[in-house]
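> Here is a sequence with its predicted model. Questions after.
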Amino acid sequence: MGGRYWTWLIARLTVAVVMFAWAFSYVKGGGAEKEFQKTLDAMKQVQSVRIATTASPRPTQHMELSWELDCQHDVLHFQRHLVDTSVDPANELNEDQLYAAGHQYDHQSDGSWAPPRYPGGYRSAKAFCRDLAQGSDSNLLPRVATMIKRGILQKGDKKTVNSVRCREWLVTLKGGFSGLEHDTICIGLDDHLPYELDVDFDNSRTTFSDYNSAIQIDLPDAAVQPASVTRDSN
């Protein structure tokens, strides 16, 4: 009789623990999704931003990339520096491209801008801005819409990125090159915008700054832009 009682009691306690753990994870997951929804809503209001990425997708490769996006004036400035040491001498690639009001330009060695010999291969600022406004993944800012749909979200610690206080979230996504992709995103405590993103499969770190600030870009004289567009004097 006593043995059956203890067996029954242990079984009840086990069920209670399992139910409590399930309820806790559901509340925690739901709270995380709400936080990420706030980030998605905040990203819809982004009109300008600066982005900087460093990545080492392979042991012999190192990349540095930067974007400057100005939705109001339909301007996107993109730069890339790639070094590949798998060959001797090392292969080095530099790109400096500008997309302004539907026109594409390449930065020349003499400092001038000229239409590319083979245009295309990248999206316009307008396309990126449209995705942001619609809450779709733009592939410039973090893929928050995808994280909400199929990510396992775990709250991390608070930290400071470029003088902005943010909270880290650990995100596990299916579908990465190694089967699972593990991201760490730091979301602003006050404005809910992303300020840092680490991605494991390409060993990259991206920082985001100057949200909705005036961004001065050295535009070619040939670019068709409103008279109010500012040009960097440097």
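Received it, and whenever you're ready, just let me know what you need.
> and the gap between the spatially most central residue of the chain and S109?
By Cα atoms, centre = their mean, the chain has its centre lying nearest to P142, at 2.7 Å. Using Cβ to Cβ, to the nearest Å, P142 is found at 35 Å from S109. Any C-beta I mention is one placed from the backbone N, CA and C, and that applies to glycine too.
> and what of S86?
26 Å.
> Give me the more crowded residue out of these two.
S86 (10 against 6; other Cβ atoms under 10 Å).
> who's in contact with that one?
Counting by Cβ atoms under 8 Å, 6 or more residues apart in numbering, S86 touches 58, 60-61.
> Recalculate using a threshold of 6 Å.
Residues in contact with S86, defined by Cβ atoms under 6 Å, 6 or more residues apart in numbering, are T60.
> Can you tell me the SS state at it?
Under DSSP: H, G, I helix; E, B strand; the rest coil, the three-state class of S86 is coil.
> and it, what pLDDT?
On the pLDDT scale, S86 is placed at 85.
> do Q47 as well
For Q47, the pLDDT comes out at 96.
> Make sure it is actually in contact with C71.
Yes: applying Cβ atoms under 6 Å as the test, Q47 and C71 come out as touching, 4.6 Å apart.
> what about these two, which has more around it?
A count of neighbours by other Cβ under 10 Å puts C71 above the other of Q47 and C71, at 19 against 16.
> which residue packs closest to that one, ignoring adjacent ones?
Nearest residue to C71 in three dimensions, chain neighbours excluded: C129, at 3.8 Å (Cβ to Cβ, 6 or more residues apart in numbering).
> model confidence over the helix or strand containing the one you found, on average?
Using DSSP states H and E, C129 sits in helix 125-134. For helix 125-134, mean pLDDT rounds to 93.
> buried set for it?
125, 128-129, 131-132 (16 or more other Cβ atoms under 10 Å).
> Please tell me how far it is from the chain's geometric centre.
Chain-centre distance of helix 125-134: 14 Å, with Cα atoms, centre = their mean, to the nearest Å.
> likewise stretch 47-60?
9 Å.
> Which stretches in this structure count as helices?
In the chain, the helices defined using DSSP state H lie at 2-43, 125-134, 144-150.
> can you tell me which of those helices the model trusts least?
helix 2-43 (a mean of 59).
> burial measure for the residue nearest to W67 when sequence neighbours are not counted, as a count.
Among residues not flanking W67 along the chain, I51 sits closest, at 4.3 Å (Cβ to Cβ, 6+ apart). A total of 18 residues lie near I51 under the criterion other Cβ under 10 Å.
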